[in-house]
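Kindly generate the corresponding structure for this input.
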Amino acid sequence: MEISELMKKATIFHGHICPGVAIGVLVAKYAIENGFEHSPDEELVAIVENDNCSVDAIQALLGTTFGKGNLIHRDYGKNNFTIFSRKTEKGVRLSLKSTFGDKKKTTRDEKVKLLLESKLEDIFNIEEVEYNPPPKAQIEESITCDICKELTMNSRMIDYQENKMCIPCYQKFKK
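Residues are numbered from 1 along each chain as shown. Coordinates of the predicted model:
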């Protein structure tokens, strides 16, 4: 798929064009071109280390989502992306190089253009990683929190002072 088609699809999902979307598009393009096919179910797993615009492009183009459990967020604030294919049992990690781009002031459009016209190796450190994806998503029973009475996944409940509490209620109770 051409980069312009990928940008269009990602932009429709995200809502606007920006450097973050371009970064995510480049990650997804690399993945697609290297045997990491779109994931209708949980065939791919993406582990992202940020919560910026790039993640929307990865969701839109690779089919990894929080709802399916094959998009894992690690809140490190880094433009790093690890993708696993359960079909091929391969993994790859792309991390944005600190040396990418100049430090001069550029417009949003100039940054997008620069990203899309650069060689991928100039933008990212790319390395194969050991195949070690997180387990497939588990559907868990929900039970009622004794405090707020809201249904909560059983694995997220905390037993405290003879009550089963959801995390927010536990946090309030502990104060």
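
So which residue is dead centre in the protein?
Closest to where the C-alpha atoms of the chain average out (C-alpha atoms, centre = their mean) is Val48, at 3.9 Å.

wouldn't that one be in contact with Asp56 here?
No: applying C-beta atoms under 8 Å as the test, Val48 and Asp56 come out as separate, 10.4 Å apart. Bear in mind the C-beta positions are built from the backbone N, C-alpha and C, glycine included.

Now tell me what touches the longest helix along the chain from outside.
Ordering each helix of the chain by length in residues (DSSP state H) puts helix 19-33 first. Helix 19-33 is contacted by residues 1, 3, 6-7, 10-11, 14, 38, 44, 52-58, 61-62, 79, 81, 83, 92, 94, 96, 108, 111-112, 115-116, 120, 123-124, 126 when judged by C-beta atoms under 8 Å, 6 or more residues apart in numbering.

if we go to 6 Å?
6-7, 10, 14, 52-54, 57-58, 61-62, 81, 83, 94, 111-112, 115-116, 120 (C-beta atoms under 6 Å, 6 or more residues apart in numbering).

Which members of these are classed as buried?
By neighbour count, with 16 or more other C-beta atoms under 10 Å, the contacts of helix 19-33 hold 6-7, 10, 14, 53-54, 57-58, 61-62, 81, 83, 94, 111-112, 115-116 as buried.

What about those, which are in helices?
Short answer: those in helices (DSSP H) are 6-7, 10, 14, 53-54, 57-58, 61-62, 111-112, 115-116.

Same list (these) but as JSON lines, adding distance to Pro135 and pLDDT.
Below are those laid out as JSON lines (distance: C-beta to C-beta, whole Å; pLDDT from 0 to 100):
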{"residue": "Leu6", "distance to Pro135": "29", "pLDDT": "97"}
{"residue": "Met7", "distance to Pro135": "33", "pLDDT": "97"}
{"residue": "Ala10", "distance to Pro135": "28", "pLDDT": "98"}
{"residue": "His14", "distance to Pro135": "29", "pLDDT": "98"}
{"residue": "Cys53", "distance to Pro135": "28", "pLDDT": "97"}
{"residue": "Ser54", "distance to Pro135": "25", "pLDDT": "97"}
{"residue": "Ala57", "distance to Pro135": "25", "pLDDT": "98"}
{"residue": "Ile58", "distance to Pro135": "20", "pLDDT": "97"}
{"residue": "Leu61", "distance to Pro135": "24", "pLDDT": "97"}
{"residue": "Leu62", "distance to Pro135": "19", "pLDDT": "97"}
{"residue": "Lys111", "distance to Pro135": "37", "pLDDT": "92"}
{"residue": "Val112", "distance to Pro135": "36", "pLDDT": "93"}
{"residue": "Leu115", "distance to Pro135": "34", "pLDDT": "94"}
{"residue": "Leu116", "distance to Pro135": "35", "pLDDT": "95"}
